[in-house]
Every structure is written in structure tokens, then in C-alpha cells.
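K.L.:
Quick one, fold the following:
(one chain, ligands or ions: 1)
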Amino acid sequence: MAFEGLAEKLQSVFKRLRGKGKLTEADVEAALREVRLALLEADVHFKVVKDFIARVRQRAVGQEVLESLTPAQQVIKIVHDELTQLMGGQQARLDLGGAPPVPVMLVGLQGSGKTTTAAKLARLLARQGRQPLLVAADVYRPAAVEQLVTLGQQIQLPVHAPGTDRDPVDIAREGVAEARRRGRDVVIIDTAGRLHIDDALMEELERIRQAVAPREILLVVDAMTGQDAVNVAETFHRRLGIDGVVLTKLDGDARGGAALSVRAVTGRPIKFVGLGERVDQLEPFHPERMASRILGMGDVLSLIEKAQAAFDAQQAQRLERKLREQTFDLEDFLEQLRQVRKMGPLDQLLAMIPGLGPRLKDVTVDEGELRRIEAIIQSMTPEERRHPEIINASRRRRIARGSGTRVQDVNRLLKQFAETQRLMKQVTGAARRGRRGLGNLPFPR
Ligand SMILES: Nc1nc2c(ncn2[C@@H]2O[C@H](COP(=O)(O)OP(=O)(O)OP(=O)(O)O)[C@@H](O)[C@H]2O)c(=O)[nH]1
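P.N.:
Numbers count the residues shown, from 1 in each chain. Sure, this is the predicted structure:
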């Protein structure tokens, strides 16, 4: 997960600071030295670190902070604010204004994740009610065209891909015309990459830019390449002018240096981050939420958004009713499990819960266990799912055989489910008592 080392170090610095109560200027200086080291170790650009520390120091060592009732809290708040500012402050949204079809051009080096990102972005926009058309203008890597066509089928969106023996500038121009004809309102153009930045690449991108006048040029960079990603971004911006950055593979980047430096070095914001290979693993970038994650304050807002996207309201209502009526059975349990899994890999979800992030390092989330539970429930008859109490020893053996698990696994699941049901009864019972009136609560209101 991104920012692992940095998050752990910063959180331990602040924990010590909090333990002190009253702070002196020397305490803050010592903490800042450690913050500086932690940022450098996270591969943040040294000049960015220098400016960052200077800004935090200026705000943190004043009398106002040191003499406040909660000096450590104030220092943490300042660091949080400054981290947020470092990553751009506000969320930088995609600008798709203007007459449709609006062209968006994706540029970047080979292997940065451009083609995958094109499809992810198209999917995201489609879910927001847009009608994207993908355009395969990366003619130098033949597999890129096929890859985009395949991804297009997977996400059920059209792809303009006339082949690899054409001038990419023509392909892009035709793509826009095609979108207009078909009434598509956004055109996402996947362009060619190279291993390194060279003049031929820049000239070609410049020609495409002139031909289609993109509303947004998004640079796709691989977070795992750290400072190289920042250098690439700087060069692309100087030569071509970019509107924003998509930082891919943040899921595999434990340090996070690129995410923290890109904005400060190039002046261009990160608009999206890629968090995995799947087409649904692209998220808008929120500087403030990211700062909270780094400082161990969790990211409850993103978690709620993911839940909202995964759970459909009707299902949620039905579940709520079942809980209330205490008829929640294994069928519902399975449905819930599937919904939660739709939200994404469990370790990414858990990392968003306040205070849990750094402690997760040694926890391995067993996705296999989830699959086992699913298999076990699927091997039950509908009757068994609704009335688990009828599952006797011979049924348990049959279910274990059917799901390729052991009887102990079936026993464990049934025990867990019984426990869940017991808890739910307590909770819903308490809620009902609460509704009946608060008159007989043991404490004064
Ligand atoms: N883990 C992870 N992998 C990613 C992410 N984005 C892309 N990838 C993977 O990175 C690899 C390269 O991605 P592509 O989309 O083929 O790269 P490209 O930039 O289009 O490459 P060219 O077409 O050669 O310029 C693929 O294996 C992707 O699955 C991400 O956010 N996380």
C-alpha cells in the first residue's frame, strides 16, 4: 500500500509529541527533523522537502501554537494542512466543459499504464452518465490497439481502432469525427509511448494536440518509478503542456514520493490515481483525504463513497428490514459478502479506517477465506441457508465435500454466523427498546 513507511514514521513522531503535553521550540524542531528525514526516505524531492519543512516551522514554532492547550494537536494539524497543500489543496476535477465531443488526450511513457488508464477513465465517466468513445492512437505497440479493443469489450464501450498502419494524427482526428457522428460526448485518446522521452514522440504528440485541441491532456506516470516519474512529468509539461497527472500503480508504491512531489515540481495537479490492474481501480485524487491517510486519520469519506457505489439502495433496504425482523439468514450473509467484495480488495478498504492503517502491516487479509465461505454457502440447499439450525453432522460432511473444504471450516462458518445473529438480535433489540421511549434509561437525561 502507498505511503506505508512514511505513514508509520510520521505517526510515531506525532505519538511521541502528543505524549509530552507542553512543547518547547526544541521539541518541535526535533520532530521536524524527523519529519524531514521521513519525507526524504519516502523519496520526496529534496527541494520540496526543504520548502515544506520551512512552511511548517514558520507556522508551528510561534507562541500561539506552543502555548495553546493542545500544542501537539496543533502541530499535527499544521502538518496535515501543509501535506494537503503540497498535493494541490482542493481536488482537481477533470474539465469536460465545451461543446461535445470533448477530447481528452492521454500521454506518457511506455508501460506507465496509459492504455489501462484510458479504459478505466472511460468506465468511470460512463458511470457518471457520460458517453465516451475510446480511440486507439498508439500504433507503435500493436498489442496496445488490441489491448484497448479488448478492454472496450470488457467495459462495453466503443473503441475507434482503424489499425496500426495509419498516422496517429489522422486516427485521433477521425476518432473525434466518429464520436460526433455517433453522438458520443467524450473522446479518450490513447497515444503512443516510448521508453524515454525523445523529440519524435514529442512532435507526434504536439501534432495530435494541434489536430484535436484536447480539453485535457493527462499525463500517465508510474508511481513506482518515484522521482523519475516527477522528472518525466516536468519534461512533458515543459514540452507539451499538461493539465493533470494520473498516477498509476500507487498500490505497489510503498514510498509515495512521486505523489507528494509531482504537484510542487510541475505545478500540475494529480487528478486520478490507479490502485490496481482491474478496470474499476481508478479513483479521483483527493489531497485532503490522502493527507489524512498518511497521518493515520483514516479516509472515511472514500470508504463511504465506495460503499455507496457498491451497494444498491433497494438491497440495502431489504437487508435493513431483514435485520429488523430478525430474519437475516445465510443467503443474506452471502449477498453481503459479495457486496463488500465489490468494494475492492479488503486490505485497501481496511487501510481507510482511522487508526488501522499502520497496524495492518502484519495483517494479511485472507481473500482465500472469503472464497471458501462463499463456496461453503453455495454448497448448501436453499432450505439450509434459511434455517442453518437444521444442518446436522451428515449435512455438514456433505457441504464440506461439495465445497472442497473441511468439516471444521463449515463448523467455523456456522459458529460465526450464529454469533453474528446473536449480536444482531442484541443491536436490533436495543434499537427497538430505544424507540419505545427513553424513560427508563438508568442515567439522567
Ligand atoms: N498494480 C497496478 N498495475 C497497473 C496499474 N495501471 C496499469 N497497470 C499495469 O501496468 C502494465 C502496463 O500498463 P499498460 O496500460 O499496458 O501500459 P501503457 O502505458 O499503455 O504501455 P504502452 O502502450 O506500451 O505505452 C499492465 O500490466 C497494467 O495492468 C495500477 O494502477 N496498478
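
K.L.:
could you give me the average pLDDT of stretch 185-197?
P.N.:
Across stretch 185-197, the average pLDDT comes to 87.

K.L.:
Does that stretch reach the ligand?
P.N.:
Yes - looking at stretch 185-197 against the ligand by C-beta under 6 Å from any ligand atom, the contacts come from G193. Just so you know, the C-beta spots here come from the backbone N, C-alpha and C atoms, and that holds for glycine as well.

K.L.:
Next, the distance between the ends of that stretch.
P.N.:
31 Å (C-alpha to C-alpha, to the nearest Å).

K.L.:
Flag every buried residue along it.
P.N.:
Along stretch 185-197, these residues count as buried under the neighbour rule (16 or more other C-beta atoms under 10 Å): 185-193.

K.L.:
same thing with stretch 123-136?
P.N.:
Across stretch 123-136, burial judged by 16+ other C-beta under 10 Å covers 123-125, 130-136.

K.L.:
Just those residues: which are in strands?
P.N.:
Among the buried residues of stretch 123-136, the members falling in strands (DSSP state E) are 132-136.

K.L.:
May I see these organised as CSV, with pLDDT and distance to the ligand added?
P.N.:
Converted to CSV, those look like this (pLDDT from 0 to 100; distance: C-beta to the nearest ligand atom, whole Å):
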residue, pLDDT, distance to the ligand
P132, 97, 17
L133, 96, 18
L134, 96, 12
V135, 96, 13
A136, 93, 10
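
K.L.:
Farthest-apart pair in the residues you listed, please.
P.N.:
P132 and A136 (13.3 Å; C-beta to C-beta).

K.L.:
Check which helices and strands the helix or strand harbouring G152 is in contact with.
P.N.:
Applying DSSP states H and E as the criterion places G152 in helix 142-155. In terms of contacts (3 or more C-beta pairs under 8 Å, 6 or more residues apart in numbering; DSSP states H and E), helix 142-155 is packed against helix 114-127, strand 132-137, strand 159-160.

K.L.:
any idea where the helices of the stretch 101-250 of the chain begin and end?
P.N.:
Secondary structure of the stretch 101-250 of the chain, counting by DSSP state H, counting those that start in this stretch: helices at 114-127, 142-155, 168-182, 199-212, 227-239.

K.L.:
how about the ones you listed, which one is nearest D251?
P.N.:
Across the helices of the stretch 101-250 of the chain, closest to D251 is helix 114-127 (C-beta to C-beta), at 12.6 Å.

K.L.:
check whether the closest one contacts the ligand.
P.N.:
Yes - under the criterion of C-beta under 6 Å from any ligand atom, the ligand is reached by helix 114-127 at 114-116.

K.L.:
Kindly supply the ChimeraX command isolating those of those residues that are buried.
P.N.:
Buried subset of the residues of helix 114-127 next to the ligand, written as a ChimeraX selection, criterion 16+ other C-beta under 10 Å:
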select :114,115,116
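
K.L.:
how about the residues of helix 114-127 next to the ligand in CSV, adding pLDDT?
P.N.:
CSV is the format used below for these (pLDDT from 0 to 100):
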residue, pLDDT
K114, 94
T115, 94
T116, 95
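
K.L.:
Nearest to R263, out of the residues of helix 114-127 next to the ligand: which one, please.
P.N.:
Proximity of the residues of helix 114-127 next to the ligand to R263 (C-beta to C-beta) peaks at K114, which lies at 20.2 Å.

K.L.:
can you pull the contacts of that closest one?
P.N.:
Counting by C-beta atoms under 8 Å, 6 or more residues apart in numbering, K114 makes contact with 106-108, 138, 190-191, 193, 220.

K.L.:
Kindly report the same for E82.
P.N.:
52, 55-56, 59 are the contacts of E82 under C-beta under 8 Å, 6+ apart.

K.L.:
Let me know the distance separating it from the ligand.
P.N.:
Distance, E82 to the ligand, using C-beta to the nearest ligand atom, to the nearest Å: 27 Å.

K.L.:
Helix or strand: which one has that residue?
P.N.:
helix 71-86.

K.L.:
do I377 as well
P.N.:
Using DSSP H and E, the element containing I377 is helix 367-378.

K.L.:
So what's the model's average confidence on that helix?
P.N.:
For helix 367-378, mean pLDDT rounds to 83.

K.L.:
That helix packs against which elements?
P.N.:
helix 330-342, helix 393-403, helix 407-436.

K.L.:
need these in JSON lines with mean neighbour count, distance to the ligand and mean pLDDT, can you?
P.N.:
Shown next, in JSON lines, are the helices and strands packed on helix 367-378 (neighbours: other C-beta atoms under 10 Å; distance: least, C-beta to the nearest ligand atom, whole Å; pLDDT from 0 to 100):
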{"stretch": "helix 330-342", "mean neighbour count": "16", "distance to the ligand": "18", "mean pLDDT": "76"}
{"stretch": "helix 393-403", "mean neighbour count": "15", "distance to the ligand": "30", "mean pLDDT": "93"}
{"stretch": "helix 407-436", "mean neighbour count": "13", "distance to the ligand": "31", "mean pLDDT": "73"}
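
K.L.:
Including distance to G276, could these go into CSV?
P.N.:
What follows is the helices and strands packed on helix 367-378, written out as CSV (distance: least, C-beta to C-beta, whole Å):
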stretch, distance to G276
helix 330-342, 14
helix 393-403, 28
helix 407-436, 28
